[in-house]
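Q: sequence first, predicted coordinates after that:
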Amino acid sequence: MADKTVSSEPPVKTGLRQALIAPVRVAMGIVDIPMRAWQKLTGLNGMAGVFLAPNMLIFSVFVLLPLVINFIYSTTSGGAIFLPNRTYVGAEQYRILFDCRSYLDPSTCAADTFWAAVRNTAVFVVFQVSAMLITALATALILNRELSNRGFWRAVFFFPVLLSPVVVGLIWKWILQREGLLNYALSPFGFEPFSWLSDRFWAFFFAVFVSVWAHMGFYALILLAGLQAIPRDLYEAAAMDKASPTRIFRRITLPLLMPNLIVVLVLALIRAVQIFDEVFVLTGGGPGTSTMYITQFIYETGFASSLRNPGLASAASILMGIVLVILTLVQLGVSSRNEKKGTRQ
């Protein structure tokens, strides 16, 4: 007797599945007709354009078009938002930004707040990126060791990256306010309540600290991946030669980790230049303009100020965009060079 194959699924489930799949099959059949016709006309190479078209349309509408509009705004003046109501002034906004007797002294510039923000951003980038590299590298080295519950500790260090920058700013603002957790913790040791965010030095210090705390986990993860890619045989050979830990770090770990360090450096530079969210929530740019950075200047000049100037804000954003493009090209060049070196080896 021939064996009969019996379906393991009930007839109701099979019928429901077919009912759900049927509209999909009909839709795919309808789409298939023009796709086959287009393939006959253009060949397989022409199909790439069909699949790229939706993405290119979205990219053009939400990236390229805003860039063009932003550049057009930078050649106009006035407080009006709509372009037909604005006056064309050519490169006047750029002239205002660069009208300085000394770029090192913002008070001699026509756009003194812009150059104060540039100076603050430059100082912030130097300290923040340096602190980020050191802490991310130290964290990656620690997490690469044989620790108990290593997965838990990796998750702990990465957790702040998952938080919204606004949430990060609000948490630390609550901790650092005069009636906050930090003053409460210091009060048993005889310290008087102190307004940490009202002091220029401490406001800058905590702007750097909070930014590093919030993003360090991401960069530590990149460095940790690089550490785990280093062959263990090299460390075993160094141990047999009785090399000191410092020598092993300088001669093995650091050179082999250099490609990851360069990627982290460039990404941290780009992120530091764009700093806004957490610092704006934490200090609001104060006290005074001591923690006002370029992105906040663009935001306040274009939108928040009572004397808003969208043209000047657009010109400043174009200049910042040029800096970011240069940093991105540097990153791509370095990555390409490292890939070629790896291929040759």
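A: Arrived safely.
Q: got the contact list for the residue nearest to Asn183 when sequence neighbours are not counted?
A: Of all residues not flanking Asn183 in the chain, Pro193 sits nearest, at 4.6 Å (CB to CB, 6 or more residues apart in numbering). Where C-beta positions appear, they are placed from N, C-alpha and C, glycine not excepted. Pro193 makes contact with 178-179, 183, 187, according to CB atoms under 8 Å, 6 or more residues apart in numbering.
Q: give me the below-cutoff pLDDT ranges for the chain.
A: Within the chain, the segments meeting pLDDT under 70 span 1-13, 338-339, 341-345.
Q: ok, and what's touching stretch 257-272?
A: 121, 124-125, 128-129, 132-133, 136-137, 211, 215, 219, 222-223, 225-227, 230, 254, 324, 327-328, 330-331, 334-335, 338.
Q: quick one: that stretch to chain centroid distance?
A: 11 Å (CA atoms, centre = their mean, to the nearest Å).
Q: quick one: contacts of stretch 38-55?
A: Met35.
Q: still on that earlier bit, filter the contacts of stretch 257-272 down to the buried ones, ChimeraX style.
A: The buried residues among these can be selected in ChimeraX (16 or more other CB atoms under 10 Å) with this line:
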select :121,124,125,128,129,132,133,136,137,211,215,219,223,226,227,327,331,334
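Q: mind listing which of the contacts of stretch 257-272 are in helices?
A: Judged by DSSP state H, those include 121, 124-125, 128-129, 132-133, 136-137, 211, 215, 219, 222-223, 225-227, 254, 324, 327-328, 330-331, 334-335, 338 as members of helices.
Q: quick one: contacts for Phe191?
A: Applying CB under 8 Å, 6+ apart to Phe191 gives the contacts Asn183.
Q: right, and the secondary structure at it would be what?
A: In three-state terms, and counting by DSSP: H, G, I helix; E, B strand; the rest coil, Phe191 is coil.
Q: and it, how close does it get to Asp241?
A: Phe191 sits 51 Å away from Asp241, taking CB to CB, to the nearest Å as the criterion.
Q: ramachandran angles for the closest residue to Glu179 other than its chain neighbours?
A: Of all residues not flanking Glu179 in the chain, Pro193 sits nearest, at 7.2 Å (CB to CB, 6+ apart). The phi and psi values for Pro193, taken as degrees, to the nearest 10, are phi -60, psi 140.
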